[in-house]
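A.B. asks: Model the structure of this input:
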Amino acid sequence: MLKIGIDSFGWYDMNDPQGSLEYIRDCGFESVDLGMYELLDTGRLAAEGHYPNVFDLPLEGFLEKFMPLRRAVAETGVVIGQMHAPFPIWFDGREDVNAYNVQAVEKCMALCELLGCPAIVVHPSRRPGRRAEFELNLENYRGLIPMAIRHPDVIICAENIFTHSGQRILEGRLSNPDDACELIDTLNAEAGGRHFGFCLDIGHACLTGNKIGEFIRQLGDRLTALHIHDNDGLEDLHMVPYSYLYRDKRHVIDWEDIVRALGDIGFRGALSFEICTAGRVYPAEVRREVYCLTSAIGRYWRGLLTE
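C.D. replies: I've put the predicted structure just below:
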């Protein structure tokens, strides 16, 4: 059965995994997208150099830090349905930082195995020019093939990211479905199996003007993970679906076509909401209700998908 998921930002307490998973379970969620970017600021690494963090630990010590989470997963029944790696992991001309970040990603993949998490999202890099950007990302993700083979139960997912030019939002970083499909197919052919997939960020696709249902249909079984959130078509707002309307009262994002498209491809990953802004903009006293509303939307969609 499709699980209803949510990103960990804003409510998950690394020091209290049991209480955190109980809280989000009571809000109606069954799956978590665990944000490892909260544990490693790669921008700080690039700007200031190394600073102490959990990824300094040897693998055994690193995994030991997450044993309470493993127990909480077993006791609550809330799974870690996907994981978000620290980002970005690639910086031009900073091979020292890149090497550190890549080993952090592999530790995350080992953690996925420990927790039974099937997918990890790794952001692509930016480069001016669509084809130059594609070739750069192909080279970068190609470098992850050895670790993908070492961790065959964890799919590495690229994600569509928008690009800014001044105040304008432009297509960029795998926001073109042709590029996304070509990248995943090329990497899997070279890796000799299904080691790479795609995470479609619904809000980002809205910003770059994609026909999101068609993007989903073109991805087909390459689609492994979702980041579901709403915006007004102008800013990356990460709000609850159905939040934004045009003046003619149509929703900015065609949620009904998205659900139809997920049904068309037989999607069986988590319906995972990335509503990190919604978790901040509402008063603390009503955030639980916001989360409950979001999970209710997920259950409504699941009902449509399983009719």
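
A.B. asks: and Arg130, how far is that from Asp179?
C.D. replies: To Asp179, Arg130 is 7 Å away according to CB to CB, to the nearest Å. Quick note: C-beta positions are derived from backbone N, CA and C, even for glycine.

A.B. asks: Mind checking which of those two has more residues around it?
C.D. replies: Asp179 (21 against 15; other CB atoms under 10 Å).

A.B. asks: so who does the more buried one touch?
C.D. replies: The contact partners of Asp179, by CB atoms under 8 Å, 6 or more residues apart in numbering, come to Arg130, Phe134.

A.B. asks: Same question for Val54.
C.D. replies: Leu39, Leu40, Phe62, Lys65.

A.B. asks: Leu304 reaches Ile258, doesn't it?
C.D. replies: No. In this structure, Leu304 is not within contact of Ile258 by CB atoms under 8 Å, at 10.7 Å.

A.B. asks: and the two? which has more neighbours close in?
C.D. replies: Using other CB under 10 Å as the criterion, Leu304 and Ile258 rank with Ile258 on top: 21 against 13.

A.B. asks: so that one touches Ile216, yeah?
C.D. replies: Yes. Judged on CB under 8 Å, Ile258 makes contact with Ile216 at a distance of 6.7 Å.

A.B. asks: Between the two, which contacts overlap?
C.D. replies: What both Ile258 and Ile216 touch, as defined by CB under 8 Å, 6+ apart, is an empty set.

A.B. asks: ok, Leu144 - how many residues close by?
C.D. replies: There are 20 residues near Leu144, going by other CB under 10 Å.

A.B. asks: For it, grab phi and psi.
C.D. replies: With angles defined as degrees, to the nearest 10, Leu144 sits at phi -90, psi 0.

A.B. asks: Tell me how many other residues crowd the residue nearest to Leu144 when sequence neighbours are not counted.
C.D. replies: In this structure, Leu144 finds its nearest non-sequential neighbour in Ile156, 5.8 Å apart by CB to CB, 6 or more residues apart in numbering. Using other CB under 10 Å, Ile156 has 25 other residues around it.

A.B. asks: and Ile156, what helix or strand is that in?
C.D. replies: Applying DSSP states H and E as the criterion places Ile156 in strand 155-159.

A.B. asks: tell me the average confidence for that strand?
C.D. replies: Averaged across strand 155-159, pLDDT comes to 98.

A.B. asks: Strands of the stretch 101-250 of the chain, residue ranges please.
C.D. replies: 119-121, 155-159, 163-165, 168-170, 196-201, 223-227 (DSSP state E, counting those that start in this stretch).

A.B. asks: Could you tell me the least trusted of those?
C.D. replies: Across the strands of the stretch 101-250 of the chain, strand 168-170 gives the lowest mean pLDDT, at a mean of 68.

A.B. asks: now the helices for the stretch 151-300 of the chain?
C.D. replies: 177-191, 202-207, 212-219, 255-264, 278-281, 287-305 (DSSP state H, counting those that start in this stretch).

A.B. asks: Could you single out the most deeply buried of those?
C.D. replies: Ranked by mean neighbour count, the helices of the stretch 151-300 of the chain are led by helix 202-207 with a mean of 24 (mean count of other CB atoms under 10 Å).

A.B. asks: For the strand holding Ile156, which strands pair with it and how are they oriented?
C.D. replies: Strand pairing for strand 155-159, determined by DSSP bridges: strand 119-121 (parallel), strand 196-201 (parallel).

A.B. asks: Nearest to Arg250 among the strands of the stretch 101-250 of the chain would be which one?
C.D. replies: strand 168-170 (20.3 Å; CB to CB).

A.B. asks: Export the longest helix seen in the chain to PDB, keeping only CA atoms.
C.D. replies: Assignment by DSSP state H gives helix 95-115 as the longest helix of the chain. Taking C-alpha atoms only, helix 95-115 is exported to PDB below (Å, rounded to 0.1, in the frame of the first residue of the first chain):
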ATOM      1  CA  GLU A  95      37.900  18.400  -4.700                       C
ATOM      2  CA  ASP A  96      38.700  18.300  -0.900                       C
ATOM      3  CA  VAL A  97      35.200  19.300   0.000                       C
ATOM      4  CA  ASN A  98      33.700  17.100  -2.700                       C
ATOM      5  CA  ALA A  99      35.500  14.000  -1.500                       C
ATOM      6  CA  TYR A 100      34.300  14.700   2.100                       C
ATOM      7  CA  ASN A 101      30.700  15.100   0.900                       C
ATOM      8  CA  VAL A 102      30.800  12.000  -1.200                       C
ATOM      9  CA  GLN A 103      31.900   9.900   1.800                       C
ATOM     10  CA  ALA A 104      29.100  11.500   3.700                       C
ATOM     11  CA  VAL A 105      26.700  10.300   1.100                       C
ATOM     12  CA  GLU A 106      28.000   6.800   1.300                       C
ATOM     13  CA  LYS A 107      27.500   6.800   5.100                       C
ATOM     14  CA  CYS A 108      24.000   8.000   4.500                       C
ATOM     15  CA  MET A 109      23.500   5.000   2.100                       C
ATOM     16  CA  ALA A 110      24.800   2.600   4.800                       C
ATOM     17  CA  LEU A 111      22.300   4.300   7.200                       C
ATOM     18  CA  CYS A 112      19.500   3.700   4.700                       C
ATOM     19  CA  GLU A 113      20.400   0.000   4.800                       C
ATOM     20  CA  LEU A 114      20.300   0.000   8.600                       C
ATOM     21  CA  LEU A 115      16.900   1.600   8.600                       C
END
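
A.B. asks: Before I go, just wanted to say thanks for your time.
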